[in-house]
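**Student:** Fold the following and give me the result.
(one chain, ligands or ions: 1)
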Amino acid sequence: MKRHAQVVGWGKYVPAKVLTNEDLARLVDTSDQWIRERTGISERRVAAPRETTATMAIQAAQEALKMADVNPARLDLIIVATATPDYAFPSVACLVQDALGASRAGAFDLAAGCSGFVYALATAAQFIQTGAYDTIMVIGAETLSRIVDWTDRNTCVLFGDGAGAVLLRPNADGGGLLSFVLGADGSGADLLILPGGGSKHPASLSTVEERLHYVKMDGREVFRFAVNVMGKAAVQAIKAANLGLGSVDLLIPHQANLRIIQSAAKFLKLPPEKVFVNLEKYGNTSAASIPIALCEAIENGRVKPGDHLVLVGFGAGLTWAAAVLKWGPVAAPVPVPWWKTAWHRMRGRLYAFRSALIRLWRRVDALLGGGREPG
Ligand code: ACO
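**Tutor:** Numbers count the residues shown, from 1 in each chain. Modelled structure (predicted):
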């Protein structure tokens, strides 16, 4: 029997600070009415100065581990999908690995724009299907507020910050990730781009003056692309899972624009109750949007055991990705007793302490001459 990757734990984190459309109308020439009508967004979350993609990813991952009651030392792999890592290197995944105390896990980031979470899910599923690994954390996390040009009304109204995580384990009863479709069209690379800070335009006074460290987007073209690709990618994934459109219980699309979601739903002939939308609260959180939406769909009782969920995203690259998940028996969060919550919190502190000790030991060891070449 094929080992499918099944979601056994999930968690999300969004910053406390809410930025409403009215707040934005005080920053740029826009209005609540325009933003609602053209995008469906009412407000978004913005990270506090001390919050980063890694801190949010850690919170979401800890939530997923806690609810599945899995010890982080059992994690084999951590994949973080993000376009806004804390650093070019090390990866966010390594920062998460350290904070969780996932001492056995490999860790890497994956860059596929807003399609990143589905790309990461499909990647993780391969390790599970081949039997290479058993326990994998997949995270989508973004701090887009740090790369948004707050003077550009074409983009700043769209994005928000947050993180979502799922914990995957093997399942042989036919549930789990049934199929996926990954696509890319690099000819559209210039349509959605952060030009500065990479090897093409390394940070310099002129890249700052030319505002190259902010998102540049051709909104109309991205819109056209998204409308074209979302429904088609979802249909391909549904067919690859040997299912028909009628078997779809819930579509969880990338939360970029309500009009894009509605056109995908129309293409798939899905009624509104079979489409999950929460973008009014968070805006477009890029790679975090699908896992945050999945968590909220579960919290809101929209996911039942045996349901077929279709996840579909599109984004910078250009990229697109869709996947069909058959939901397993773990459909509702198991209530976690207070002592377990306290233990999880304590464990996090212990791991932070352990990391501090390792860093200290590295310095002491260097002073004592450890690791020098012989002779
Ligand atoms: N407030 C008021 N007016 C605005 C605003 C704003 N915030 N933004 C643009 N406008 C104006 C434009 O300047 C334009 O004025 P003009 O006609 O005088 O030039 C007018 O509104 C209409 O502009 P359009 O671009 O035609 O508006 P549209 O209906 O296409 O909506 C939008 C724009 C919301 C950006 C839409 O194109 C869109 O959602 N595109 C997809 C964007 C997206 O999803 N990006 C994320 C991809 S995922 C990732 O990887 C991050």
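
**Student:** shaky segments in the chain?
**Tutor:** The model of the chain has pLDDT under 70 over residues 1, 330-336, 374-375.

**Student:** Around the ligand, which positions in the stretch 251-375 of the chain sit nearby?
**Tutor:** Contact residues (C-beta under 6 Å from any ligand atom) of the stretch 251-375 of the chain with the ligand: 256-257, 284, 286, 315-316. Quick note: C-beta positions are derived from backbone N, CA and C, even for glycine.

**Student:** center of the chain - which residue?
**Tutor:** Taking C-alpha atoms, centre = their mean, the centroid of the chain lies closest to Gly140, which sits 1.7 Å from it.

**Student:** who touches it in this structure?
**Tutor:** Gly140 makes contact with 80-82, 116-117, 120, 163-165, 285-292 under the criterion C-beta atoms under 8 Å, 6 or more residues apart in numbering.

**Student:** Ile136 against Leu167, yeah?
**Tutor:** Yes: when contacts are counted by C-beta atoms under 8 Å, Ile136 is listed as touching Leu167 (7.5 Å).

**Student:** so the residue nearest to the centre of the chain sits in a helix?
**Tutor:** No: secondary structure assignment (DSSP: H, G, I helix; E, B strand; the rest coil) places Gly140 in strand, not in a helix.

**Student:** Show me where the stretch 101-250 of the chain has its helices.
**Tutor:** Secondary structure of the stretch 101-250 of the chain (DSSP state H, counting those that start in this stretch): helices at 116-129, 153-156, 205-209, 219-240.

**Student:** right, and those - which one's nearest Ile35?
**Tutor:** Among those, the nearest to Ile35 by C-beta to C-beta is helix 153-156 (9.3 Å).

**Student:** buried residues in that closest one?
**Tutor:** Counting neighbours by 16 or more other C-beta atoms under 10 Å, one finds that the buried residues in helix 153-156 are 153, 155-156.

**Student:** Could you export it as PDB, keeping only the C-alpha atoms?
**Tutor:** Output of helix 153-156 as PDB, limited to C-alpha atoms (Å, rounded to 0.1, in the frame of the first residue of the first chain):
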ATOM      1  CA  ARG A 153      -1.000  52.200  -3.500                       C
ATOM      2  CA  ASN A 154      -0.900  49.500  -6.300                       C
ATOM      3  CA  THR A 155       0.800  47.000  -4.000                       C
ATOM      4  CA  CYS A 156       0.700  48.100  -0.300                       C
END
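
**Student:** close to the ligand, is it?
**Tutor:** Yes: judged by C-beta under 6 Å from any ligand atom, helix 153-156 comes into contact with the ligand at 153-154.

**Student:** Filter the contacts of Gly140 down to the buried ones.
**Tutor:** When burial is judged by neighbour count using 16+ other C-beta under 10 Å, the buried members of the contacts of Gly140 are 80-82, 116-117, 120, 163-165, 285-292.

**Student:** Identify the residues contacting Val80.
**Tutor:** If you count contacts by C-beta under 8 Å, 6+ apart, then Val80 has 53, 57, 91-93, 96, 107-110, 120, 139-141 around it.

**Student:** Could you list which of those belong to strands?
**Tutor:** Among those, the members falling in strands (DSSP state E) are 107-110, 139-141.

**Student:** sorry, back to before: is the residue nearest to the centre of the chain in a bridge, and if so with what?
**Tutor:** Counting by DSSP bridges, Gly140 forms beta bridges with Ala81, Gly164.

**Student:** Just want to check the distance between it and Ala81.
**Tutor:** Noted for Gly140: a distance of 5 Å to Ala81, by C-beta to C-beta, to the nearest Å.

**Student:** List only buried entries from the contacts of Val80.
**Tutor:** Buried residues within the contacts of Val80, defined by neighbour count using 16+ other C-beta under 10 Å: 53, 57, 91-93, 96, 107, 109-110, 120, 139-141.

**Student:** which one of the residues you listed sits closest to the ligand?
**Tutor:** Gly140 (11.6 Å; C-beta to the nearest ligand atom).

**Student:** Provide a list of residues in contact with Leu168.
**Tutor:** By C-beta under 8 Å, 6+ apart, the contact list for Leu168 reads 5-8, 121, 124-125, 128, 135-138.

**Student:** Which one of those residues sits in the busiest neighbourhood?
**Tutor:** Ranked by neighbour count under the definition other C-beta atoms under 10 Å, the contacts of Leu168 are headed by Met137 with 32 neighbours.

**Student:** So the closest residue to it other than its chain neighbours: helix, strand or coil?
**Tutor:** Closest residue to Met137 in three dimensions, ignoring its sequence neighbours and counting by C-beta to C-beta, 6 or more residues apart in numbering: Ile78, at 4.7 Å. Put simply, Ile78 is strand when judged by three-state DSSP.

**Student:** Enumerate every residue touching the closest residue to Ala107 other than its chain neighbours.
**Tutor:** Using C-beta to C-beta, 6+ apart and skipping residues adjacent in sequence, the residue nearest Ala107 is Ala93, 3.6 Å away. Contacts for Ala93 were tallied using C-beta under 8 Å, 6+ apart; they are 78-80, 107-109, 139.

**Student:** of all these, which comes closest to Pro305?
**Tutor:** Nearest to Pro305 out of those is Ile139 (C-beta to C-beta; 24.1 Å).

**Student:** returning to that earlier point: now the contacts of Val80 in CSV, please, with extra columns for distance to Arg359.
**Tutor:** Rendered in CSV, the data for those read as follows (distance: C-beta to C-beta, whole Å):
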residue, distance to Arg359
Thr53, 21
Ala57, 21
Ser91, 18
Val92, 19
Ala93, 19
Val96, 17
Ala107, 17
Phe108, 22
Asp109, 22
Leu110, 27
Ala120, 29
Ile139, 24
Gly140, 29
Ala141, 24
